[in-house]
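Colleague: Give me coordinates for this.
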Amino acid sequence: LAVVSLFVSSGLFAHLKPPSISSPSLDLALSVLYSLVPPALNPLISSLRNKELV
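Modeller: This next block holds a predicted model:
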């Protein structure tokens, strides 16, 4: 749920931000957040969930 909410919220912010605050560095940060962070967090969250089940 945490990964999905991060993925959706960063995508919504990228598409709904006003053009007046657009900058290349902000676009780069959003694209990194949108494409790299959720897949990187998946194994961490899965391992935490598996530890709770045992």
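Colleague: need the helices for this structure, in chain order.
Modeller: Here the chain has its helices, by DSSP state H, at 2-16, 24-35, 37-53.
Colleague: Mean confidence (pLDDT) on the longest one, please.
Modeller: Spelled out, it's helix 37-53. Mean per-residue pLDDT for helix 37-53: 78.
Colleague: Would you confirm that residue 3 contacts residue 41?
Modeller: Yes - taking Cβ atoms under 8 Å as the definition, residue 3 is a contact partner of residue 41 at 5.2 Å. Bear in mind the C-beta positions are built from the backbone N, C-alpha and C, glycine included.
Colleague: want to try CSV for the helices of the chain, with mean neighbour count as columns?
Modeller: Below are the helices of the chain laid out as CSV (neighbours: other Cβ atoms under 10 Å):
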stretch, mean neighbour count
helix 2-16, 12
helix 24-35, 12
helix 37-53, 11
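Colleague: ok, residue 31 - contacts?
Modeller: By Cβ atoms under 8 Å, 6 or more residues apart in numbering, the contact set of residue 31 is residue 14.
Colleague: how far away is it from residue 10?
Modeller: Distance, residue 31 to residue 10, by Cβ to Cβ, to the nearest Å: 9 Å.
Colleague: Likewise for residue 29?
Modeller: As judged by Cβ to Cβ, residue 29 and residue 10 stand 10 Å apart.
Colleague: what do you get for residue 35?
Modeller: Shown here: residue 35 relative to residue 10, a distance of 9 Å by Cβ to Cβ.
Colleague: Residues that sit against both of these two, list them.
Modeller: Common neighbours of residue 35 and residue 10 (Cβ under 8 Å, 6+ apart) do not exist.
Colleague: List the contacts of stretch 33-48.
Modeller: 2, 3, 4, 6, 7, 10, 11, 14.
Colleague: could I get the residues you listed as TSV with pLDDT?
Modeller: Putting the contacts of stretch 33-48 into TSV (pLDDT from 0 to 100) gives the following:
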residue	pLDDT
2	72
3	72
4	77
6	73
7	73
10	72
11	72
14	70
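Colleague: Tell me the one of the residues you listed nearest residue 51?
Modeller: residue 2 (15.7 Å; Cβ to Cβ).
Colleague: Distance-wise, check the residue lying closest to the closest one once chain neighbours are set aside relative to residue 14.
Modeller: Leaving out its chain neighbours, the residue that sits closest to residue 2 by Cβ to Cβ, 6 or more residues apart in numbering is residue 45, at 6.3 Å. The spacing between residue 45 and residue 14, counted by Cβ to Cβ, is 22 Å.
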